[in-house]
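Enquirer: sequence plus predicted model, see below.
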Amino acid sequence: MSTVILRKILCNSESPTPKLLLLTDSSDVSGRGVLYTLLKSHLSIGNYVQYLTTSNPLHVVKTFLNDEEFPGKIKFYDGFSDPCGWDSKDSCVHLNKSINEIFSSCDTGQAKRIFVIDKVDDIVNHQDTHNLIHDLHRFSADDTVEQVVVYCGRDCVPESFIISLNHLSSAVIHLYKGNPTRCKVILKKPSGKIVKTYEEFTLSPELKVQETRAVQLEKEPRGESTDEDAVLAAQTTFNLTLTEEQRKSKNKLLLPHTRVQSSGGQILYTPDDEDDWDEEDPDDDLNI
């Protein structure tokens, strides 16, 4: 029976909780519903959420995560209104600061802390990616942190950055376009075992996971990159591939230095004046 782990991750039944969770989407599919599903699950069991928004205004986020519904359990950081600090708004977060500086410390009592970055794409525009990866690694290693959720658009950041985030994360959810939505899930166990699944799922209007099932994918969806690769291949002047017609012509070609012989090989030798020519053949192995 195929393994299904998406529901366990989103419903917080996976033990231990993945320390750093990477959620990615693309222009074809949005992962925001999956993100809100995960956070509502955290809030429902009493965890404390510290939420940085960079891609949506606060009032939009609060329509899905109402802090009045979970009083004292969620704190928002506005990285959308003034990310560069040009307007000097004290209530806004400037995205050139480190992760530790952005998430100011606060007393949560005994509640476990969940940190959310929505989205990391905008922070990449203001910080060096190597420093950002280092900060995320150090931040997620803090014993007081239960989970760090990094939400990212695959087509908005360099591929090398996605690879680094994949390496750093304890769990990865890549979303792909489909009906129902498809995803690739990677879970790294503390024992070193890595579980990889391909799943289909739907979300209810109440943001609950429904109809999750494993699927078999022969090849990962590539989205828009297929067209881009075709354009690059057409523009290049160096091509190692051959068409079938070119292959047949190549096999029929006789190179200039090649002579076609119908008989066996021959040795042609012209003796010099200084050669010691002997008419005898003691071994009887020459045709004299």
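Expert: On my side now, so go ahead.
Enquirer: element containing residue 43, please.
Expert: helix 32-44 (DSSP states H and E).
Enquirer: which other helices and strands contact that helix?
Expert: helix 6-10, strand 20-25, strand 48-53, strand 113-118, strand 145-153, strand 194-203 (3 or more CB pairs under 8 Å, 6 or more residues apart in numbering; DSSP states H and E). Any C-beta I mention is one placed from the backbone N, CA and C, and that applies to glycine too.
Enquirer: got a list of contacts for the second one?
Expert: The reference is to strand 20-25. Contacts of strand 20-25 from elsewhere in the structure, counted by CB atoms under 8 Å, 6 or more residues apart in numbering, are 9, 31-32, 34-35, 38, 136, 140, 147-154, 162, 165-166, 168-175.
Enquirer: partners of it, with directions?
Expert: If you go by DSSP bridges, strand 20-25 pairs up with strand 145-153 (parallel), strand 171-176 (parallel).
Enquirer: what packs against the helix or strand that the longest one is followed by?
Expert: If I follow you right, that is strand 145-153. Toward the C-terminal end, the helix or strand that comes next after strand 145-153 (DSSP H and E) is helix 159-168. In this structure, helix 159-168 packs against strand 20-25, helix 129-140, strand 145-153, with contacts taken as 3+ CB pairs under 8 Å, 6+ apart.
Enquirer: could you give the angle of the shortest one to helix 129-140?
Expert: Interaxial angle of strand 20-25 relative to helix 129-140 (axes from the mean of the first three to the mean of the last three CA atoms, to 10 degrees): 130 degrees.
Enquirer: convert the C-alpha atoms of strand 20-25 to PDB, please.
Expert: Taking C-alpha atoms only, strand 20-25 is exported to PDB below (Å, rounded to 0.1, in the frame of the first residue of the first chain):
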ATOM      1  CA  LEU A  20      11.700  23.400   9.000                       C
ATOM      2  CA  LEU A  21       8.900  22.900   6.500                       C
ATOM      3  CA  LEU A  22       9.300  24.200   2.900                       C
ATOM      4  CA  LEU A  23       6.100  24.800   0.900                       C
ATOM      5  CA  THR A  24       6.500  25.700  -2.700                       C
ATOM      6  CA  ASP A  25       4.100  26.600  -5.500                       C
END
